[in-house]
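1. Just a sequence and a predicted model for now, questions to come.
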2 protein chains.
Amino acid sequence: MKITIGDVAERANVSKTTVSRILNGNYAHTTEETRMRVLKAIKELDYRPNALAKGLKSMRTNVIGIMLSNLKNPFWTTVLEGVEDTCHELGYNLMICNTNENPEAEEEYIKELQMRQVDGIVVNPTVKNQELYKKLVDSKYPLVVINRRIPNLETNNVIMNNIKGAYSAVEHLLHNGRKKVAVVVYATDYVSTWKERLEGYCLAMLRHGFSKEEFRILELEQETDSQEESIIHFLQTYPDTDAIFSTNNMITLHVLGALRSLTLHIPNDVALISYDETIWAQHLEPPLTTVRQPGYHMGKMAAQILIQTMSKEGSESKAPPATIVLEPELIIRKSCGAK
Amino acid sequence: MKITIGDVAERANVSKTTVSRILNGNYAHTTEETRMRVLKAIKELDYRPNALAKGLKSMRTNVIGIMLSNLKNPFWTTVLEGVEDTCHELGYNLMICNTNENPEAEEEYIKELQMRQVDGIVVNPTVKNQELYKKLVDSKYPLVVINRRIPNLETNNVIMNNIKGAYSAVEHLLHNGRKKVAVVVYATDYVSTWKERLEGYCLAMLRHGFSKEEFRILELEQETDSQEESIIHFLQTYPDTDAIFSTNNMITLHVLGALRSLTLHIPNDVALISYDETIWAQHLEPPLTTVRQPGYHMGKMAAQILIQTMSKEGSESKAPPATIVLEPELIIRKSCGAK
DNA sequence: TTGAAAGCGCTAACAA
DNA sequence: TTGTTAGCGCTTTCAA
């Protein structure tokens, strides 16, 4: 039923080797004439090489895997697009995994990807499987970690400058005359992203003459359904809050809900600035000031670096793992009362 | 370097055959004792079967492919999540392709997936490769088409009831006293989705006593950057428009922009109803009335049907291709002036 | 109950 | 310039 390289060889009256060589652009030792004959046979039979067999033999699949933590967040879709585009350009296919921040799922997926012999993995790690990553890196498995830092892990890393993004957000609030600035962030236990954005907040406050006692920090549990209630409760506890720095676009949606419940007006009562530019931010009332992150670019870079690393496998010229830090950009609209 | 089934066999003092049998749950002909020995060896060596070799031999990879047309639209991410979850539950992995509505890319991707021997494909087709789909179906390649109908194609199909969704949206507008109802839709040449939503609009208008001459239809080019301008121009041409039915969440964003430019107020000046519920719809001012589509469910169903079809391969009990139609749901908020 | 051996479709070292 | 041959790691038929 299925056409194999043998069928092509037979039809073109050559050996499988010759066909294989031509398939792989190995023209060096082939007559123009036989090449044509083989190409013709391939076309006539509509032959498609079996990537499984090829991969089994050559130890390379030209497939990479991506492990994301939350497909619901449009930021990740943007990253995914960057990775996918790059794969397509470079002749790779992409296997996708959604860990949902679940470390067990993460571990399973890694195993699955390895069994499928993917050439490398791009991962936004749950950061709860330190051992696992270490083992991967030690075994020289091509890996690019994105968006989060894993302490003491020597691997390629593409991340965002969260401290700067948070700093400039809070500074923007302060420059617009806000005095009681709160920050809403996910529990910072593990994830560097949240830690760093909180740090940026603290830094900006301190540098602008505020004391530690004036920090207003609300930590949210990411898993729970009561995020909006928590925000409402927080705002009732500190009713003079005049600005909120929301460190994530999903949190922002909850802040918006809370503000509406309390009939607090933006920016008159409370200024709001949010991490992550989204397609809808400009259409809110008032249009939302945001910190834009180059998600697509992060995806592209991660995939490029991964593929580059893989192709240098074994050679001496292998560059040591590097960390690339991408810069955020403040998009000023109306939600902070800026003129 | 790599551990193979041979290593396990050696360590457990059995043949590869026995190991293979145990790996595949073929316990029927195995002693409890040898099974234990093999399992122990597998654990000790941390053995991972090579899925390539397995697939090459068994002609099944337990991988399916999904081809989406636009990763930027959160609707598709929801569908993707449904597909991915189902794959994970059922022991499959997922290969992702983003066609961007480009028929050439679509054709390439299909070839790639086939070369990689994926067991089946879920696709939101560009609908410009009719020949291709036909060939696929004729060759019995497991295929589930989602969200769009392809004329005369005998394959499994999971779609939405677009006529009903559009009808109920327009009816809602009419019930709220609107008289000059416009619809904004993508060019309807190929895609059944847009055709059907437009049809729902026409049907609702006709049934409520309007004539064909009173239809206000704006067709947008999906590829272009001037969608907002087109809407503005349209609204200037028909300044007495008092309601807009937007047939897609991306279009809605442009409508919102246009309305803002023209300082038209929702719902006082113009009522707005939009296809696709989104995470931000409820946070707009006023909160947006939408037609919700069960995207996650569509993804789940598509994957389930595909995998089910595949496993019945060759058997007599193979059910004929079916079309499953999922129902939309109107989510009434404030943007149409409903009490 | 277990194993030997053939072979899935491809690549590559070596020979011609 | 081209072909022969030996596997890649697994499953499966057939024999023991």
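-> Looks like it came in fine.
2. Please count neighbours and contacts with C-alpha atoms only from this point.
-> Will do.
3. Now do the residue of chain A found nearest chain B: how many residues are near it, please.
-> Closest to chain B within chain A is A:Met95: 4.3 Å, counting by C-alpha to the nearest C-alpha. Under the neighbour criterion other C-alpha atoms under 10 Å in any protein chain shown, A:Met95 is assigned a count of 23.
4. And A:Glu154, by the same measure?
-> So A:Glu154, with other C-alpha under 10 Å, has 15 neighbours.
5. do the same with A:Asn176
-> Using other C-alpha under 10 Å, A:Asn176 is surrounded by 15 other residues.
6. Phi, psi for it please.
-> The phi/psi pair for A:Asn176 (degrees, to the nearest 10) reads phi -90, psi 20.
7. sorry, back to before: quick check: the residue of chain A closest to chain B vs A:Met67, distance?
-> Plainly put, A:Met95 is 9 Å away from A:Met67 if you go by C-alpha to C-alpha, to the nearest Å.
8. what residues are shared contacts of these two?
-> Contact with both A:Met95 and A:Met67 is made by no residue, according to C-alpha atoms under 8 Å, 6 or more residues apart in numbering or on different chains.
9. What residues does the residue of chain A closest to chain B make contact with?
-> Residues counted as contacts of A:Met95 (C-alpha under 8 Å, 6+ apart) are A:Val63, A:Ile64, A:Gly65, A:Ile66, B:Asn93, B:Leu94, B:Met95, B:Ile96.
10. Relative to A:Val122, which of the residues you listed is nearest.
-> Using C-alpha to C-alpha, A:Ile66 comes nearest to A:Val122 of these, at 4.8 Å.
11. so that closest one makes contact with A:Val118?
-> No. Contact status for A:Ile66 versus A:Val118: not in contact, 10.2 Å apart, counting by C-alpha atoms under 8 Å.
12. So which residues on chain A come close to DNA strand C?
-> Residues of chain A lying close to DNA strand C by C-alpha under 7 Å from any atom of the strand are A:2-6, A:16-17, A:20-21, A:23-24, A:48-51, A:53-54, A:56-58.
13. Buried only: go through those for me.
-> Using 16 or more other C-alpha atoms under 10 Å in any protein chain shown as the burial test, those include A:Ile5, A:Lys16, A:Ser20, A:Leu23, A:Arg48, A:Pro49, A:Asn50, A:Ala51, A:Ala53, A:Lys54, A:Leu56 as buried.
14. Within reach of chain B, which of the residues you listed are there?
-> Among those, the ones lying near chain B by C-alpha under 8 Å from any C-alpha of the partner chain are A:Arg48, A:Pro49, A:Asn50, A:Ala51, A:Ala53, A:Leu56.
15. B:Gln117 is in contact with the second one, correct?
-> No. Contact between A:Pro49 and B:Gln117 fails when scored by C-alpha under 8 Å: they sit 9.9 Å apart.
16. those strands in the stretch 1-150 of chain A, which residues are they?
-> With DSSP state E, counting those that start in this stretch, the ranges of strands along the stretch 1-150 of chain A come out as A:63-68, A:93-98, A:120-123, A:143-146.
17. what does the first one contact?
-> The reference is to strand A:63-68. Contact partners of strand A:63-68, identified using C-alpha under 8 Å, 6+ apart, comprise A:76, A:92-100, A:106, A:109, A:113, A:118-125.
18. Narrow those to those that are buried.
-> Taking 16+ other C-alpha under 10 Å as the criterion, what is buried in the contacts of strand A:63-68 is A:76, A:92-99, A:106, A:109, A:113, A:118-125.
19. Surely A:Phe245 touches A:Ala169?
-> Yes. Here A:Phe245 reaches A:Ala169: they are 7.2 Å apart, a contact under C-alpha under 8 Å.
20. Which of the two has more residues huddled nearby?
-> A:Ala169 (31 against 26).
21. contacting residues around the more buried one?
-> Applying C-alpha under 8 Å, 6+ apart to A:Ala169 gives the contacts A:Phe245, A:Ile273, A:Thr290, A:Val291, A:Leu330.
22. what lines up beside the helix or strand hosting the fourth one in the sheet?
-> Going back to what we said before, that points to A:Val291. Applying DSSP states H and E as the criterion places A:Val291 in strand A:289-292. With DSSP bridges as the test, strand A:289-292 is paired with strand A:271-275 (parallel), strand A:329-331 (antiparallel).
23. Identify the residue nearest A:Arg11 in space, chain neighbours excluded?
-> When the adjacent residues along the chain are set aside, A:Arg11 lies closest to A:Ala41, with 6.2 Å between them (C-alpha to C-alpha, 6 or more residues apart in numbering or on different chains).
24. so that neighbour touches A:Ile5, yeah?
-> No. Look at A:Ala41 against A:Ile5 with C-alpha under 8 Å: they stay out of range, at 10.3 Å.
25. where are the low-confidence patches of the stretch 1-150 of chain A?
-> In the predicted model, the stretch 1-150 of chain A carries pLDDT under 70 at residues A:1.
26. what's the distance between A:Val158 and A:His297?
-> As judged by C-alpha to C-alpha, A:Val158 and A:His297 stand 10 Å apart.
27. Comparing those two, which shows the higher neighbour count?
-> More crowded of A:Val158 and A:His297, by other C-alpha under 10 Å: A:Val158, with 24 against 17.
28. Please, which helix or strand holds the closest residue to A:Leu80 other than its chain neighbours?
-> Distances taken as C-alpha to C-alpha, 6+ apart place A:Gly299 nearest to A:Leu80, at 6.2 Å, with adjacent residues excluded. Assigned by DSSP H and E, A:Gly299 falls within helix A:295-311.
29. chain center to that helix: distance?
-> Its chain's C-alpha centre and that of helix A:295-311 lie 11 Å apart, by C-alpha atoms, centre = their mean, to the nearest Å.
30. Right, I'll leave it there.
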